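**Student:** Need coordinates for the following:
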Amino acid sequence: MVVVAGSSSSTRGCDCLAHRFGNAVDRADRRLRDGSDMSDAQWAVVKNLLPVPGWLAGRGGRPEGYCHRQMIDAVRYLVDNGIKWRAMPSHFPPWPRVYAFFARWRDTGLTAELHDRLHQAVRQAEGRDPEPSGAVVDSQSVKADATVAHVSRGFDAGNKINGRKRHLLTDTHGLLLAVQVTPASVTDRDGARILLPPATGRFRRLARVWADGGYTGHLTGWTSQHLGLVLDIVRRGKDVRGFQALPRRWVVEWSFAWLVRSRRLVRDYERRADTSEAVIRWSMIALMNRRLAARPHRPAALPAG
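**Tutor:** Numbers count the residues shown, from 1 in each chain. Here you go, the predicted structure:
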């Protein structure tokens, strides 16, 4: 799963352990067929941040059968193009193997870990502290596909949407810090009470959160008393019609716009809410990966911890 030097040039930079030990189907020599495929520069960013497989660390298990560059490309293809799992193109590994990879990383927290490492790397590359001191919270209601069970969906009366709601906490540049997917009937305030406590445990420097008028009420006092956060409500002007770029909190609109560029996120197609959260993280992983690879003076190797 991680980096090994000395791979053959025919693997197009895919120097994973599965290729080194000859257990993978050698499809990595293909050219970039899809816009979602990682370039060599993007792979160079990601490969040093991947976790070490258990069999290599002496924890048992069998070697991986497919290169993780192939697996990550396949997951990115699904998220970017919004296909069904069974419609995975033939130049990727079989869809059950790709889904097993996706589900294992979702359930063990590896998707969130890779996302957080990339987020820290982006902030460091921009000359900022790896942990934010300020954040923005907001929500987005999306329609749910028929595959979403009724118990995990609801009706958002304000937006007239029957589906799910994505509660996002982002830094002041719109990059994702935390996500919680709930039925659309859950209010913004109740969603924030679920979203914010784990985030404050992870980000010790977090001191101020900006939000819109939908978070007005008991939440302001609750965050101050229980979380030690200042919840700053940024209100619209009373006489303003249409869109208004509100100070600080408008950056979360970037996040929503970035997410819906991934066709898998235009609606909610996932049976499980945690699968929806994993797809959101994969979308942001691809965005941050492209951003880091495009930097002209990016470091040759990024820290793995």
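**Student:** CA only for contacts and neighbour counts going forward, please
**Tutor:** Noted.
**Student:** which element is residue 162 on?
**Tutor:** Per DSSP states H and E: residue 162 is located in strand 161-170.
**Student:** Looking at that strand now, give me its mean pLDDT.
**Tutor:** Across strand 161-170, pLDDT averages out at 97.
**Student:** Sheet partners, orientation included, of that strand?
**Tutor:** For strand 161-170, sheet partners with direction are given as strand 134-143 (antiparallel), strand 154-156 (antiparallel), strand 176-183 (antiparallel), following DSSP bridges.
**Student:** Adding mean pLDDT, write the ones you listed out as CSV.
**Tutor:** Supplementary listing: the strands paired with strand 161-170 in CSV, determined by pLDDT from 0 to 100:
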stretch, mean pLDDT
strand 134-143, 96
strand 154-156, 95
strand 176-183, 97
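**Student:** With distance to residue 126 and mean neighbour count added, can I get these in a markdown table?
**Tutor:** Rendered in a markdown table, the data for the strands paired with strand 161-170 read as follows (distance: least, Cα to Cα, whole Å; neighbours: other Cα atoms under 10 Å):
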| stretch | distance to residue 126 | mean neighbour count |
| --- | --- | --- |
| strand 134-143 | 16 | 22 |
| strand 154-156 | 38 | 20 |
| strand 176-183 | 16 | 22 |
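**Student:** Just the CA trace of the strand holding residue 162, in PDB.
**Tutor:** Listed in PDB are the C-alpha atoms of strand 161-170, where the atom choice follows Å, rounded to 0.1, in the frame of the first residue of the first chain:
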ATOM      1  CA  ILE A 161     -36.400  18.700  -0.200                       C
ATOM      2  CA  ASN A 162     -37.000  15.100   0.700                       C
ATOM      3  CA  GLY A 163     -33.700  13.600   1.400                       C
ATOM      4  CA  ARG A 164     -30.600  14.100   3.500                       C
ATOM      5  CA  LYS A 165     -28.700  17.000   4.900                       C
ATOM      6  CA  ARG A 166     -24.900  17.500   4.900                       C
ATOM      7  CA  HIS A 167     -23.600  19.400   7.900                       C
ATOM      8  CA  LEU A 168     -20.100  20.700   7.000                       C
ATOM      9  CA  LEU A 169     -17.500  22.400   9.200                       C
ATOM     10  CA  THR A 170     -14.700  24.000   7.000                       C
END
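**Student:** contacts for it?
**Tutor:** With Cα atoms under 8 Å, 6 or more residues apart in numbering as the test, strand 161-170 has contacts from 135-145, 152-156, 176-186, 188, 191-192, 195-196, 252, 255, 268.
**Student:** Any idea which of the strands paired with strand 161-170 gets closest to residue 39?
**Tutor:** If you check each of the strands paired with strand 161-170 against residue 39 by Cα to Cα, strand 176-183 wins as the nearest, at 23.0 Å.
**Student:** tell me the angle the next helix or strand after the closest one makes with strand 161-170.
**Tutor:** Once the chain leaves strand 176-183, the next helix or strand it forms, by DSSP H and E, is helix 188-202. Taking axes from the mean of the first three to the mean of the last three Cα atoms, to 10 degrees, helix 188-202 and strand 161-170 form an angle of 30 degrees between their directions.
**Student:** what's helix 188-202 in contact with?
**Tutor:** Looking at helix 188-202 with Cα under 8 Å, 6+ apart, the contacting residues turn out to be 137-139, 167-169, 177-180, 182, 206, 214-216, 219, 227.
**Student:** Please give me every residue in contact with the closest residue to residue 167 other than its chain neighbours.
**Tutor:** Across the structure, with Cα to Cα, 6 or more residues apart in numbering as the measure, the residue nearest residue 167 apart from its sequence neighbours is residue 139 (4.3 Å). Listed by Cα under 8 Å, 6+ apart, the contact partners of residue 139 are 165, 166, 167, 168, 188.
**Student:** next one: residue 251
**Tutor:** Applying Cα under 8 Å, 6+ apart to residue 251 gives the contacts 136, 172, 173, 174.
**Student:** Using a markdown table, lay out those together with secondary structure and distance to residue 115.
**Tutor:** Output for the contacts of residue 251, formatted as a markdown table (DSSP: H, G, I helix; E, B strand; the rest coil; distance: Cα to Cα, whole Å):
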| residue | secondary structure | distance to residue 115 |
| --- | --- | --- |
| 136 | strand | 18 |
| 172 | coil | 17 |
| 173 | coil | 16 |
| 174 | coil | 14 |
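**Student:** From those residues, list the buried ones, please.
**Tutor:** When these are checked for burial by 16 or more other Cα atoms under 10 Å, the buried set is 136, 172, 174.
**Student:** Show the pLDDT at the last one.
**Tutor:** Okay, so that is residue 174. Per-residue confidence (pLDDT) for residue 174: 94.
**Student:** So the residue lying closest to residue 152 once chain neighbours are set aside versus residue 74, what's the distance?
**Tutor:** Closest residue to residue 152 apart from its sequence neighbours, by Cα to Cα, 6+ apart: residue 183 at 5.4 Å. Plainly put, residue 183 is 28 Å away from residue 74 if you go by Cα to Cα, to the nearest Å.
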